[in-house]
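1. can't give you the sequence, but here's the structure:
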């Protein structure tokens, strides 16, 4: 498909991907895809990434069951970033929150929890 | 403030930043901040980035007047990505669209224009 030809990967072979909840509009996370992760995402309809910490292909939700079902893929003007809109099963964040962006900077410049915990990581990752 | 202590920059001293329209929920762009850009963003309330193509500090909107007024800053679970929610003056994309993500992959796998042009780049950048 056009996307695989069009898109530029960085000097490490990776592409930044923003994941947005298609129903709520909430930004859920940012992660990285290599060419293989992008291909698997396109063919399977589930989001795959390259895990930089584990240095391996990673099906989002493989251990938790919290898959991301890809409903829309958008490419940016420079063709070096993707935005995917997904149906998020349960939650995106491994810390138990729906979005990885569960903390904001408040008016005193302090980090403040704003997300609500929707699962207990200790019970899901065994 | 806490954010400057907390956040991790990558091996090039950069941090990926997602910019979201605070009113419409639309993802507008992804760009990079170095420590100085982050400090200037915090102190001025306008989004500053590090321009990788021009290798310099970049006040978003400096040539177009299309500034991003930062209303909220969120940090992700790994503390290596930011989400900023902004009031976008006019449009974020230098190609004339409100969002840099103005093209989607359609059902045939082709790239399809979905954004609406809100200004003419040739008239704005002189």
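-> Yes, it's here. Quick caveat: nothing in here was measured; it's all calculated off a predicted structure.
2. and the end-to-end length of stretch A:76-93?
-> Distance between the two ends of stretch A:76-93: 24 Å, counting by CA to CA, to the nearest Å.
3. What is the distance between the helix or strand hosting residue A:49 and the centre of its chain?
-> Secondary structure from DSSP states H and E places residue A:49 in strand A:48-51. Averaging C-alpha positions (CA atoms, centre = their mean, to the nearest Å) puts strand A:48-51 9 Å from its chain's average.
4. What are the contacting residues of that strand?
-> Here strand A:48-51 makes contact (CB atoms under 8 Å, 6 or more residues apart in numbering or on different chains) with A:14, A:17, A:31-34, A:36-38, A:40-41, A:56-60. Backbone N, C-alpha and C define where each C-beta goes, glycine included.
5. Return the subset of these lying in helices.
-> The members of the contacts of strand A:48-51 that map onto helices under DSSP state H are A:36-38, A:40-41.
6. Quick one, which of the residues you listed are buried?
-> Among the ones in helices among the contacts of strand A:48-51, the ones that count as buried by 16 or more other CB atoms under 10 Å in any protein chain shown are A:37-38, A:40-41.
7. Could you identify the pair within those residues that is furthest apart?
-> Using CB to CB, these reach their maximum pairwise distance at A:38 and A:40, which is 7.4 Å.
8. Pull up the residues of chain A that are close to chain B.
-> Applying CB under 8 Å from any CB of the partner chain, one finds that chain A approaches chain B through A:1-3, A:6, A:16, A:18, A:20, A:25-27, A:29-30, A:42, A:72-78, A:81, A:83, A:93-95, A:97, A:100-105, A:109-111, A:114.
9. Report the helix or strand with the lowest average pLDDT across chain A.
-> When each helix and strand of chain A is scored by mean pLDDT, DSSP states H and E, helix A:2-6 comes last, with a mean of 88.
10. who does that helix touch, helix- and strand-wise?
-> If you count contacts as 3 or more CB pairs under 8 Å, 6 or more residues apart in numbering or on different chains; DSSP states H and E, helix A:2-6 packs onto helix A:35-44, strand A:68-75, strand B:111-113.
11. Not counting its own residues, what contacts it?
-> For helix A:2-6, the surrounding residues in contact (CB under 8 Å, 6+ apart) are A:35, A:38-39, A:42, A:73, A:75, A:79, B:105, B:109-111.
12. ok, of these, which come out buried?
-> Among the contacts of helix A:2-6, those buried by neighbour count (16+ other CB under 10 Å) are A:38, A:42, A:73, A:75, B:105, B:111.
13. Nearest to residue B:124 among the residues you listed?
-> Nearest to residue B:124 among these: residue A:75, at 22.7 Å, using CB to CB.
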